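Chemist: Predicted model and sequence follow; I will ask about them next.
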Amino acid sequence: MGAYLVRRILAFIPTLLISVTLIFILTRLVPGNPVWALVGHQSVSEEKIKEVSHELGLDRPVLVQYLTWLPKALSGDFGSSIFFNRPVVAVIADRFPVTLTLAGLAMLLTLALAIPLGIFAATRQNSLVDHATSVFSTLGVSLPSFWLGFLLIILFAVTLHWFPSSGYRPLSMGIVPWLSRLVLPVIALALSQVALLVRTTRSSMLEVLGMEYVTAARAKGLSEAKVIYKHALRNAFISIITVIGLTFALSLGGSVIIENVFAIPGLGQLITTAAIRRDYPVIEGGMMYLTVISLAVNLLVDISYTLINPRVVYE
Amino acid sequence: MHSSLKRTIGLVALLCLVAAAGLYAADAPKKGGTLNVGLHIPLATLDWQSTVSHPLPHVMGNVFEGLSAFGKDFTAVPELAESWQASADGKVWTFKLRKGVLFHNLKEMTSTDVKASVARWLKVGPKGPGLTTLDRLDAPDKYTFKMYFKEPIGQSLLLTLGSDENKCVIYPKEVCDASPKGGTLSAVIGTGPYKFTEYKEDQYVKLTRFDKYVPRADAPDYQSGKKVPYLNQIIFWIVPESSTRVAGLESGDYDVITDIPDTEYDNLKEADGVVPIKNGPGILLYMMFNHKTGPTSNIYIRKAIQAALDIDEVVAAGVPNPDFRVLDPSFYPPESAYNTAVRSELFNQSNIERAKQYLQKAGYADELITYQVIATAPRNVRVGVAVVEQLKKAGINAEVRNYDLQTWVTKRRDPNSLMIYSSEGYWIDPSLYEPEFTGTFPSKEVAFSDPMVDKVFKGLAQESDPQKRFKLGEQLQNQFFEKVATINLGYAYRLVARRDYVMDPEGNLALGNLTLNNVWLNK
Amino acid sequence: MSESAAPARPRNSELRRVLRSRLFIAGAIIMLLIFSSAAAAPLLTRYDPVTLDTKHSLLPMSLQHPFGTDELGRDVFARVLYGARISLRVGGLSTLFTAILGVLLGLLAGYYKPVDMVVSRLVDGLMIFPGLILGIMLMAALGPAESNVILAMTILYTPRIIRVVRGSVLELKSMDFIDAARVVGAGDLRILFGHILSNAYAPLIVQVTFGFAWAILTESGMSFLGLGTPPPAPSWGNIIADGRDFIRSAPWLMLFPGASISLAVIGLNFIGDGLRDLLDPRLRNTARRIGTSVG
């Protein structure tokens, strides 16, 4: 197991290298030049384009650009954003807390709703609640998020006037403005997560409840509540945690569409806007950031797989 | 008896005076409050000198000022200049500057700042190189600034300096020296009624009242004249999604919003506390071609396209609300003094037969003709789709090509990609067309150039007499139609909106780019 | 035979199987409905999805226009029907290519260690990226065309199939019946495609079904952002994107295509769920380990 761990971490490196190279290739493959977005698309002379390209180092051969860039990228130095004229790291550091807040609140909501619902459905298998939960969870993963976002805005912000429609106010502007603007996007983000987690919780619980040690616990005369919470849940939780981890990592990638619809200045929106503007340093830095987080989560998940299912032989 | 009547009259008069004062007081602007603006696109930079991109005029128009600016009828009026004078031969322009104007750092603006700013604007901005005949700049004394040209230049110079796209705004000399690169400013310091406070990229820009602002003495005149900063603060929130912008206005999150789809007009009229505003002058939707290579470089193909189009349908596709669109054959908007019906018989022909004849003359053999549109600009896409459908009916093998903005801009310069694209703009004055029709835009390999048109532009650059300019404007329009340099696809009006407690005594919100001069909050 | 009280569990699981298969049936009915509507589009509406009629733009629902008209006067019902063809075609083709490519690479990676080293690294490298962002960049690099959407989506989803298949291979190849086959003298290829694949198809089919649902959602998401199937093709995502500006004055523009996307995805998810429980109860383990449905 220990050796496996070390090997996995070492395997981290080529994966990182591949991802990083893929990022570089992709950003350079895409046609366009950041000059335009900087200057506006009106009459720009050929000289001006050459000048800006030269300043950005874009006129050197691609391989040279790659080799100069790679060591810096691996050490976390992405230079400055072409648009914001600030270090990429600083720009990401500005955005990340916003996405973290969104993802974190969504995860809290998800946990609060999904786990009790999943347990409930599992213990009342085949009841009305169980079927309703099933249908609801399928619905939850089926609705397009952008559509859902707009529906929420139309219903709650425009018609009922319960919440503001969009935007983000930092905590420094007051807790009510901050929170009230997060309610709708968090709901939109959480809905599909809840749906997924309910299924997982339910099926994990069902499997565990069918196991021998649960029957044994019941036979011993333990109360149903104790059976569920002390024995079953604890064992089911291992696989539930896997899904939680994966989902959280995914939502940290910034739910691009939710941030777009609700005008939230998070990491996903940063990378998308950078992609549109061809702000190469930010695209690279942002994707690198997400890559590292994803890799870390994947590593954790992989490790827990071996804990759950020793049957799988990893050579 | 006498004295009590006198007293009654006196009392009534006093009451009338008080009532009148009360009524008047209700209209007197109040100082204070924060104006929240819902803005439709993010800023690329704060450095107005380096870019034409929106929404810089909307935001930085409150912070920076220039020698000249747009007046109510979109002619150039003095802003930081007290007066100007051209020499008899038109080669030397002398600007007398206003005295005692303060920058936000409380330093006085002088000619050294102007010289440094104009020099920088020429270097970093897209419009500067258009002043091809500029020889040198000079600041002979504290309040005088001179521009020397190799050839005579007319009033068009003032529009070049003062139109709000890439306006030549004045920064302190120290800032110009410390900011050689376009797009980056060592400090954001201007002379405008509001000073820059904070900018969080893609989130908001905060401006605060500049208490030491020195206004002009003359009457308010759109972007110039007397400007009084009533508001404590203006916050421009960046909200790209139009439906959330409108929802924000209705819920009171935003007090003013920009760039709303015209189909919202009726809803906004019904809504409580909200005032929709039709914004002019008309924006021309226009079609541009690859004039140098490919099928569209053949004039008969272009004539065929010109003949085939039913502009009624095209502009209706682009602008669904009939109150916000207008068919006008001229290349100058209905509001412009240059608006003319010259060659209007070539406009909106909707004549498939004639189109087919031109195609035959051109020897058209069913080559693919592509129309590139910007995926994220809905109106641009709708216009493109409508035009392509019509061209197909005329027997042209036309197709839409949908690109993201960056790719669209790149392909527009590429002679192997570009065939047709469309855009929008407002040209109140024919000189403003010059950058796009003198062989360099969007690139030398695709641009329109014609010696007769060059001559007209030269004349427009040098001529100041309004009658002569009008004649030149007509000549330009004639050439545009005759040579099919571009095609007029109709005029569109913008929709903006405000809350009812936002007071706009000059009616600035109905004009051009968002201008908040003398706006105050009645709450 | 004496009547003994049937143990509660077996009846439950049997019941559940039938119920699940009801889900499967429901899903199948939904998809059948969508497929046949798409196929029969010319019979169901006399309008075509691209003809403009700007004089009749933004009309609400009526007998003549059951889903109203859009901003260019096109009949929305027609666009949604023909749009089904696009969603099904683009989603279907990309799923097909994903399945073929994923099975090939997954089998090879699970069986041969050197292949695994390369493939696994590539898969990890690709799966790291936030899908939509990768999709955006791919489409920007490839250019606007339906074929490129299919290509981009194939690139995005194949890693998941590879993982599922590889996982199954890893699990199966150490089993007795494989050893038995080797002893008998079966070659590698026969073992791979014959024995392993025939036992591993269950989680694969489930994942592919979910992949189809994912493809429909992703295509509409990319079209919504302007980088999917190019207009004027009435892809459901395009219809919603076009209707974005009119969400308050003409909400039906977003309502019907959005509902259609949801319906198709629900149908496919029902089928996937049903398949998962019908095919093999043991595979609940595997499916869960890999991650379920659309993520």
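Modeler: Now that the structure is in, tell me what you want to look at. Residues are numbered from 1 along each chain as shown, chains lettered A, B, ... in the order given.

Chemist: From here on, just use CA atoms for contacts and neighbour counts.
Modeler: Noted.

Chemist: residue contacts, the residue nearest to B:Asp89 when sequence neighbours are not counted?
Modeler: In this structure, B:Asp89 finds its nearest non-sequential neighbour in B:Pro152, 6.2 Å apart by C-alpha to C-alpha, 6 or more residues apart in numbering or on different chains. By C-alpha atoms under 8 Å, 6 or more residues apart in numbering or on different chains, the residues touching B:Pro152 are B:89-92, B:462.

Chemist: Relative to B:Lys393, how far out is A:Thr27?
Modeler: 40 Å (C-alpha to C-alpha, to the nearest Å).

Chemist: whoops, B:Gly459 was the one
Modeler: 41 Å.

Chemist: How much space separates A:Thr133 from C:Leu268?
Modeler: As judged by C-alpha to C-alpha, A:Thr133 and C:Leu268 stand 18 Å apart.

Chemist: so how far is chain B from the residue most central in space within chain C?
Modeler: Nearest to the geometric centre of chain C sits C:Phe212, at 1.0 Å (C-alpha atoms, centre = their mean). C:Phe212 sits 25 Å away from chain B when distances are taken as C-alpha to the nearest C-alpha, to the nearest Å.

Chemist: how much space is there between B:Lys142 and chain A?
Modeler: B:Lys142 is 32 Å from chain A, by C-alpha to the nearest C-alpha.

Chemist: That residue contacts B:Asp113, doesn't it?
Modeler: No - using C-alpha atoms under 8 Å as the test, B:Lys142 is too far from B:Asp113 to be in contact (9.7 Å).

Chemist: quick one: which of the two has more around it?
Modeler: B:Asp113 (21 against 14; other C-alpha atoms under 10 Å in any protein chain shown).

Chemist: Next one: that one relative to chain A, how far apart?
Modeler: Applying C-alpha to the nearest C-alpha to B:Asp113 and chain A gives a distance of 23 Å.

Chemist: Which residue is the nearest non-sequential neighbour of that residue?
Modeler: That would be B:Lys173: by C-alpha to C-alpha, 6+ apart, it lies 4.5 Å from B:Asp113.

Chemist: sorry, back to before: ok so the residue nearest to the centre of chain C is a strand residue?
Modeler: No - looking at C:Phe212 with DSSP: H, G, I helix; E, B strand; the rest coil, it is helix, so not inside a strand.

Chemist: how about it, what does it touch?
Modeler: C:91-92, C:95, C:268 are the contacts of C:Phe212 under C-alpha under 8 Å, 6+ apart.

Chemist: Between these, which sits nearest chain B?
Modeler: For those, the residue nearest chain B by C-alpha to the nearest C-alpha is C:Gly91; the value is 20.5 Å.

Chemist: secondary structure class for the residue in the stretch 201-315 of chain A that chain B sits nearest to?
Modeler: Proximity to chain B, evaluated over the stretch 201-315 of chain A using C-alpha to the nearest C-alpha, is greatest for A:Ala263 at 5.8 Å. Assigned with three-state DSSP, A:Ala263 falls in the coil class.

Chemist: For chain C, see how far away it is.
Modeler: Per C-alpha to the nearest C-alpha, A:Ala263 is found 14 Å from chain C.

Chemist: Could you check how many residues crowd around that residue?
Modeler: A:Ala263 has 24 nearby residues by other C-alpha under 10 Å.

Chemist: Would you confirm that it contacts B:Ser243?
Modeler: No - look at A:Ala263 against B:Ser243 with C-alpha under 8 Å: they stay out of range, at 11.1 Å.

Chemist: and the gap between A:Leu109 and A:Ser223?
Modeler: A:Leu109 sits at a distance of 29 Å from A:Ser223 (criterion: C-alpha to C-alpha).

Chemist: Tell me which of the two has more neighbours.
Modeler: For A:Leu109 versus A:Ser223, neighbours defined as other C-alpha under 10 Å are more numerous around A:Leu109 (18 against 10).

Chemist: show me the contacts for that one.
Modeler: Counting by C-alpha under 8 Å, 6+ apart, A:Leu109 has contacts A:Ala190.

Chemist: The strand or helix carrying it: which residues count as buried?
Modeler: According to DSSP states H and E, A:Leu109 maps onto helix A:88-123. Residues of helix A:88-123 classed as buried: A:88-89, A:91-92, A:94-96, A:98-100, A:102-107, A:109-111, A:113-115, A:117-123 (neighbour count, 16 or more other C-alpha atoms under 10 Å in any protein chain shown).

Chemist: and if you look at stretch C:101-112?
Modeler: C:101-111.

Chemist: same deal with stretch B:404-417?
Modeler: Going by 16+ other C-alpha under 10 Å, stretch B:404-417 has these buried residues: B:404-415, B:417.

Chemist: Check stretch B:490-502 too.
Modeler: For stretch B:490-502, by 16+ other C-alpha under 10 Å, it's B:490-500, B:502.

Chemist: Spell out whether it and chain C are in contact.
Modeler: No - using C-alpha under 8 Å from any C-alpha of the partner chain, stretch B:490-502 stays clear of chain C, with a minimum separation of 12.8 Å.

Chemist: rewinding a little: show me which pair in the contacts of B:Pro152 is furthest apart.
Modeler: The largest distance within the contacts of B:Pro152, taken as C-alpha to C-alpha, falls between B:Val92 and B:Gln462 and amounts to 12.1 Å.

Chemist: Tell me which of the two has more neighbours.
Modeler: The residue with more neighbours, out of B:Val92 and B:Gln462, is B:Val92; 22 against 18, by other C-alpha under 10 Å.

Chemist: If the more buried one is in a bridge, with which residues?
Modeler: In this entry, B:Val92 is beta-bridged to B:Tyr148, by DSSP bridges.

Chemist: Over to the one 4 residues further on?
Modeler: When bridges are called by DSSP bridges, B:Lys96 pairs up with B:Ser83, B:Thr144.

Chemist: returning to that earlier point: would you mind telling me which of A:Thr133 and C:Leu268 has the busier surroundings?
Modeler: Counting neighbours by other C-alpha under 10 Å for A:Thr133 and for C:Leu268 shows that C:Leu268 has the greater number, 28 against 21.

Chemist: that older thread, which one's more surrounded, B:Gly459 and B:Lys393?
Modeler: Under the criterion of other C-alpha under 10 Å, the comparison of B:Gly459 against B:Lys393 puts B:Gly459 first, with 19 against 13.

Chemist: Contact partners for the more buried one?
Modeler: B:Leu472.

Chemist: Can you check the pLDDT for the spatially closest residue to B:Arg209 that is not a sequence neighbour?
Modeler: Excluding its sequence neighbours, the residue lying closest to B:Arg209 (C-alpha to C-alpha, 6+ apart) is B:Tyr194, at 4.5 Å. We have a pLDDT of 97 for B:Tyr194.

Chemist: Flag every residue of the stretch 201-315 of chain A that's near chain B.
Modeler: Residues of the stretch 201-315 of chain A lying near chain B (C-alpha under 8 Å from any C-alpha): A:260-263, A:265, A:276-278.

Chemist: list the contacts for the closest residue to chain B within the stretch 101-250 of chain C?
Modeler: Here the stretch 101-250 of chain C gets closest to chain B at one residue, C:Gly226, 5.0 Å apart by C-alpha to the nearest C-alpha. With contact set as C-alpha under 8 Å, 6+ apart, C:Gly226 has these partners: B:375-376, B:404, C:238, C:241.

Chemist: Could you confirm it falls within a helix?
Modeler: No - C:Gly226 sits outside any helix when classified using three-state DSSP, being coil.

Chemist: Please determine how far it is located from chain A.
Modeler: Taking C-alpha to the nearest C-alpha, one finds C:Gly226 at 11 Å from chain A.
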